[in-house]
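**Student:** Predicted structure and sequence below. I'll ask about it afterward.
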Number of protein chains: 2
Amino acid sequence: MGTVAADELPMGLSADKSLIEHHLDRYLTFTAGCPPRLQEAMRYSVLGPGKRLRPLLVLLANRACGGVFEHALPAACAVELIHCYSLIHDDLPAMDDDDLRRGRPTCHRQFDEATAILAGDALIPLAFEIICRDSPTVEIAARCCHQLAVAAGATQLVGGQVDDLAAQFAEIDLQKLEQIHLRKTAAMIAVSLGLGAITASANESQQTALENFGKNLGLAFQIADDLLDLRGDEDKMGKRARKDQVLGKLTYPTALGIEDSIRLANLLVEEALQMLVGFGPTAEPLQAIARYVVSRTK
Amino acid sequence: MGTVAADELPMGLSADKSLIEHHLDRYLTFTAGCPPRLQEAMRYSVLGPGKRLRPLLVLLANRACGGVFEHALPAACAVELIHCYSLIHDDLPAMDDDDLRRGRPTCHRQFDEATAILAGDALIPLAFEIICRDSPTVEIAARCCHQLAVAAGATQLVGGQVDDLAAQFAEIDLQKLEQIHLRKTAAMIAVSLGLGAITASANESQQTALENFGKNLGLAFQIADDLLDLRGDEDKMGKRARKDQVLGKLTYPTALGIEDSIRLANLLVEEALQMLVGFGPTAEPLQAIARYVVSRTK
């Protein structure tokens, strides 16, 4: 999730990205009751450099469904807060034990372990608070909270992380690898698309098409991440490289080889693009994002 | 939070307690996608012995407002899940570093640190998922999620825990101590009352009265906890005793003396009971709970 990768985003999305970051900054400014060190740690972890892929997907899915842009902003920020909490906790000594994230010390290295655990803990309810307070209707708020809660929960994001940690000490096959990444990575990307659709009051077939787009995109994104890790340019990645290799973890390139991994990522993105056929020109920025994800594998 | 204290609950609440535990059990049974070890850790930490004070308060507040009992069950379970996550994370080595909770090994001692962090992480979204899926209306769902998210967030539950950890290394006065406990303990107790009122579609004055009842009750409960810790009967408490003293933490009895602490707890409960005057006989179980809290100081 490096600083350079952030610059590689498709043209025309930098205004959306700035808007997301402006609102994240606002949501992470507490007027009273939040201890300064906690606020600092939350802001450090969320407002540092990042691609903002997930919140952008929320905004772009809303746009593809002809929604009102502002209606998608709370859900967009909420998804990013959940993503950032998961990075903070994944980096902890008891988990992946990482010192570097997005080119800077990880939260527990910059602050301390207790503060990092608690900063992550505080980001989760903040995501739901923002959706409930700022969504355009209670129906949209309740539906967004429901979808996000499922994606962030024991059967998806957290379950995927548990199985990913366990995979370091076990022989797993390609099917198991896909099961991990469908939950650890693709679920949050798919829900980003789903929330965008909900905030645009999209119909059920639009919703399903976008979520399937997200699932394929999420897996392609993970393959790209594995390939970047293998190539291991720490300066570009902003985190420890060849970590998967060191830990002996099964990845797409180690299971399939580099060429076939690139082929699979391209295939997944082609399938993803098929899901967008019914949307017309409003879905063009989503197409651009999908192509950007494959370009990361090159 | 000992097993004996659980038996001391006012008469007539054991059926409600069983019903809560039945639904918690159901909510913690995943059909697919949740790794077995994660599910086991979540169930171990939630379904072990406990007073179920907070979910009981949700049900009793609903009853005091003439609500439909079943409408309050999702919010009641949600509050307990948030409470249990906070206990798991508070016990971690980087935080209070406790080996014993409710008379059994803490989650990270029974499983491992990563599993304990992730079990806590998974309980938070599950709380919001349950409210969204099973609340009687989207309006009640959105309002309950909003209130619970604020109470569990950076300015209340997590902020209180951050300041409580920092207080171990600092001189603090009685006002600061109250600020910690208003957020770390009383906010979750107050929101339990608030959620009960929301699920009964109570009017604003009922809502405010019950939340103020909860705030006073929460502080009285904390004073009782401090007094129990000081007396330090580990068998009865089910956790390490005289821990506050060992850590040199300021508590109500060390700041005020034992007699004045008991007096303050009684005063807070008297004030709490005043809030219930307008409710009539439907609020009698809440009165009994309030009296039970003071009886713990004796």
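**Tutor:** Nice, thanks for sending it over. Residues are numbered from 1 along each chain as shown, chains lettered A, B, ... in the order given.
**Student:** Grab the nearest non-local neighbour of the residue in chain A sticking out farthest from the centre.
**Tutor:** Most distant from the centre of chain A: A:A32, at 29.4 Å, with distances by CA atoms, centre = their mean. Excluding the flanking residues, the one nearest A:A32 by CB to CB, 6 or more residues apart in numbering or on different chains is B:T155, at 6.8 Å. Quick note: C-beta positions are derived from backbone N, CA and C, even for glycine.
**Student:** List the contacts of A:V269.
**Tutor:** Contact analysis of A:V269 by CB atoms under 8 Å, 6 or more residues apart in numbering or on different chains lists A:216-217, A:220, A:290-291, A:293-294.
**Student:** Can you flag the buried ones in those?
**Tutor:** Applying 16 or more other CB atoms under 10 Å in any protein chain shown to those, the neighbour count classes A:216-217, A:220, A:290, A:293-294 as buried.
**Student:** Just name the closest of the contacts of A:V269 to chain B, please.
**Tutor:** Nearest to chain B out of the contacts of A:V269 is A:N216 (CB to the nearest CB; 18.8 Å).
**Student:** what ranges do the helices span in the stretch 51-200 of chain A?
**Tutor:** With DSSP state H, counting those that start in this stretch, the ranges of helices along the stretch 51-200 of chain A come out as A:53-64, A:69-90, A:107-110, A:113-134, A:138-151, A:157-167, A:174-181, A:187-199.
**Student:** need these in CSV with mean pLDDT, mean neighbour count and distance to B:H22, can you?
**Tutor:** Below are those laid out as CSV (pLDDT from 0 to 100; neighbours: other CB atoms under 10 Å in any protein chain shown; distance: least, CB to CB, whole Å):
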stretch, mean pLDDT, mean neighbour count, distance to B:H22
helix A:53-64, 97, 27, 37
helix A:69-90, 98, 25, 30
helix A:107-110, 98, 21, 39
helix A:113-134, 98, 26, 26
helix A:138-151, 98, 25, 22
helix A:157-167, 94, 23, 24
helix A:174-181, 91, 17, 31
helix A:187-199, 98, 29, 29
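**Student:** Could you export those helices as TSV, including distance to A:R101?
**Tutor:** Formatted as TSV, these follow (distance: least, CB to CB, whole Å):
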stretch	distance to A:R101
helix A:53-64	15
helix A:69-90	6
helix A:107-110	8
helix A:113-134	11
helix A:138-151	22
helix A:157-167	15
helix A:174-181	19
helix A:187-199	17
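**Student:** The ones you listed into a markdown table, with extra columns for distance to chain B?
**Tutor:** Below are the helices of the stretch 51-200 of chain A laid out as a markdown table (distance: least, CB to the nearest CB, whole Å):
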| stretch | distance to chain B |
| --- | --- |
| helix A:53-64 | 16 |
| helix A:69-90 | 6 |
| helix A:107-110 | 8 |
| helix A:113-134 | 4 |
| helix A:138-151 | 4 |
| helix A:157-167 | 4 |
| helix A:174-181 | 9 |
| helix A:187-199 | 9 |
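**Student:** related to what we said a few turns ago, in strands, which of the buried ones among the contacts of A:V269 appear?
**Tutor:** Judged by DSSP state E, strands contain none of the buried ones among the contacts of A:V269.
**Student:** Narrow these to those in helices?
**Tutor:** If you go by DSSP state H, the buried ones among the contacts of A:V269 have A:216-217, A:220, A:290, A:293-294 in helices.
**Student:** For A:L60, give me its contacts.
**Tutor:** Here A:L60 is in contact with A:16, A:196, A:283, A:285-286, A:289 (CB under 8 Å, 6+ apart).
**Student:** whoops, A:L276 was the one
**Tutor:** A:L276 is in contact with A:64, A:209, A:213, A:283, A:286-287, counting by CB under 8 Å, 6+ apart.
**Student:** The same query, at a cut-off of 10 Å, please.
**Tutor:** Applying CB atoms under 10 Å, 6 or more residues apart in numbering or on different chains, we find A:L276 in contact with A:64, A:209-210, A:213, A:282-284, A:286-287, A:290.
**Student:** Might one say that A:I124 is in contact with B:D121?
**Tutor:** Yes - if you go by CB atoms under 10 Å, A:I124 and B:D121 touch, sitting 7.4 Å apart.
**Student:** any shared contact partners between those two?
**Tutor:** Residues touching both A:I124 and B:D121 (CB under 10 Å, 6+ apart): A:85-86, A:89, A:152, B:85.
**Student:** Closest one of those residues to B:S261?
**Tutor:** B:Y85 (29.0 Å; CB to CB).
**Student:** Select only the buried ones of the contacts of A:L60 in ChimeraX?
**Tutor:** Selection of the buried residues among these in ChimeraX, burial being defined by 16+ other CB under 10 Å:
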select /A:16,196,283,285,286,289
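**Student:** Now for the contacts of A:L60: which two are most distant?
**Tutor:** That would be A:D16 and A:A283, which, of the contacts of A:L60, are the farthest apart (CB to CB) at 14.9 Å.
**Student:** Let me see the contact set for the closest residue to A:A149 other than its chain neighbours.
**Tutor:** Spatial nearest neighbour of A:A149, excluding adjacent residues (CB to CB, 6+ apart): B:E129 at 3.7 Å. Listed by CB under 10 Å, 6+ apart, the contact set of B:E129 reads A:145-155, B:27, B:74, B:78, B:81, B:145.
**Student:** just curious, which of those residues is nearest to A:D98?
**Tutor:** A:A152 (20.6 Å).
**Student:** so who does the residue nearest to the closest one when sequence neighbours are not counted touch?
**Tutor:** Distances taken as CB to CB, 6+ apart put B:P125 closest to A:A152, at 4.2 Å, once the chain neighbours are dropped. B:P125 is in contact with A:82, A:124-125, A:127-128, A:145, A:148-154, A:156-158, B:81, counting by CB under 10 Å, 6+ apart.
**Student:** Pretty sure B:A149 is one of the things A:L126 touches, is it not?
**Tutor:** Yes - with contact defined as CB under 10 Å, A:L126 reaches B:A149; the gap is 7.1 Å.
**Student:** joint contacts of these two?
**Tutor:** Here A:L126 and B:A149 share no contacting residue, scored by CB under 10 Å, 6+ apart.
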